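**Q** Please work out how this folds:
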Amino acid sequence: MSDALTIQVYQWLLRLLQYYLDTHDNARLTALEMGFRLRLADKIAIRKPDLGLVLDSNPIPTADLDRSYKGTFDLCVEALSDSSPAEIARDTEQKRREYEAAGVSEYCILHHKPQWQRFYRRNVFGRYAPIPSEEGILQPEVVPDLRFRLEDLQRQPGPEALIEDAVYASFVLPAWQRERTAWQQDRQRLEAERQQAEQARQQAEQVAHRERAEKEALLAQLARLRGAS
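**A** Residues are numbered from 1 along each chain as shown. Have a look, this model is predicted:
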């Protein structure tokens with residue numbers, strides 16, 4: 001079993017994937033013990049990744065009533081089980097070899113300690129190689145436009161922070177962002193209209209005050225003229 005902190009890392013990445021799929025709708029996630037069959041050179045193995053992703057472009061789609069996946073996942077994610085050296089070896093070595101041989105395009109191993117995290121991609125030779133990060137940002141290929149900061153696996157920022165972050169803003173709640181922008185624009189427009197109305201009121205008061213002063217001056221002058229006559 002994974003520890004609670006590692007499960008939190010897993011849950012954060014799962015939420016990020018769900019945000020991405022809500023926006024792009026180009027793949028389907030599986031979990032809850034849904035496994036798939038790996039046809040290896042020396043055996044047939046059944047694996048149940050903690051999280052599997054099947055692209056819409058995968059030649060074998062997932063069906064609504066499937067209890068196991070008939071094809072090969074495009075992405076497998078495992079929350080590292082570290083209760084014993086054997087469990088660590090199973091996720092980091094055995095499953096790595098099996099997923100690589102079965103043709104899983106990318107494989108992620110999550111843990112609350114960065115030194116145990118692994119992110120692999122099959123290269124042109126069909127072998128897993130580490131997915132390179134750029135300035136601490138990792139971008140899988142199987143889900144284009146999804147990216148995340150490696151340090152955020154520990155920080156786990158919420159949606160309020162994600163939508164303000166250029167790394168995530170393009171795929172995290174874009175509809176809500178548009179509504180918020182429209183609301184802010186309406187608020188700014190109403191405030192501008194209020195300020196214009198206030199300026200117009202002040203200008204009208206100034207004109208009225210000037211007209212009253214001019215009228216009073218004329219009346220005073222008229223009164224002086226009458227007194228002089």
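
**Q** CA atoms for contacts and neighbours, from now on please.
**A** OK.

**Q** In the chain, where's the longest helix?
**A** When the chain is parsed with DSSP state H, its longest helix is helix 174-228.

**Q** can you tell me the distance between the two ends of stretch 119-128?
**A** Stretch 119-128 has an end-to-end distance of 9 Å (CA to CA, to the nearest Å).

**Q** Touching that stretch from outside, list them.
**A** With contact meaning CA atoms under 8 Å, 6 or more residues apart in numbering, stretch 119-128 is reached by Glu100, Ala101, Gly103, Val104, Ser105, Glu106, Tyr107, Cys108, Ile109, Ala129, Pro130, Ile131.

**Q** Tell me how many other residues surround the fourth one.
**A** Applying the criterion other CA atoms under 10 Å, we find 22 residues in the vicinity of Val104.

**Q** what about it, distance to Glu214?
**A** 88 Å.

**Q** likewise the fifth one?
**A** Using CA to CA, one obtains 86 Å as the distance from Ser105 to Glu214.

**Q** So which of the two has more stuff around it?
**A** Just comparing Ser105 and Glu214: by other CA under 10 Å the higher neighbour count belongs to Ser105, 22 against 12.

**Q** ok, now which ones touch the most centrally placed residue in the chain?
**A** For the chain, the residue sitting closest to the mean C-alpha position, by CA atoms, centre = their mean, is Val172 at 3.6 Å. Residues near Val172 by CA under 8 Å, 6+ apart: Leu16, Tyr19, Tyr20, Thr23, Pro159, Leu162, Ile163.

**Q** doesn't it fall inside a strand?
**A** No: secondary structure assignment (DSSP: H, G, I helix; E, B strand; the rest coil) places Val172 in coil, not in a strand.

**Q** Could you pull up phi and psi at it?
**A** Note on Val172: backbone dihedrals following degrees, to the nearest 10 are phi -100, psi 110.

**Q** Check what pLDDT it gets.
**A** In this model, Val172 is scored at 89, pLDDT.

**Q** And it, how close does it get to Pro159?
**A** 7 Å.

**Q** Next one: Gln139 relative to Ala166, how far apart?
**A** Using CA to CA, Gln139 is found at 14 Å from Ala166.

**Q** now Glu151
**A** Relative to Ala166, Glu151 is positioned 15 Å away (CA to CA).

**Q** I'd like the distance from the host helix or strand of Ile109 to the chain centre, please.
**A** Using DSSP states H and E, Ile109 falls within strand 106-110. Mean-position distance between strand 106-110 and its chain equals 18 Å (CA atoms, centre = their mean, to the nearest Å).

**Q** And that strand, what does it pack against?
**A** Applying 3 or more CA pairs under 8 Å, 6 or more residues apart in numbering; DSSP states H and E, one finds that strand 106-110 makes contact with helix 4-24, strand 75-79, strand 118-122.

**Q** So which of those is nearest Gln203?
**A** helix 4-24 (49.6 Å; CA to CA).

**Q** in that closest one, what counts as buried?
**A** 6-10, 12-13, 16-21 (16 or more other CA atoms under 10 Å).
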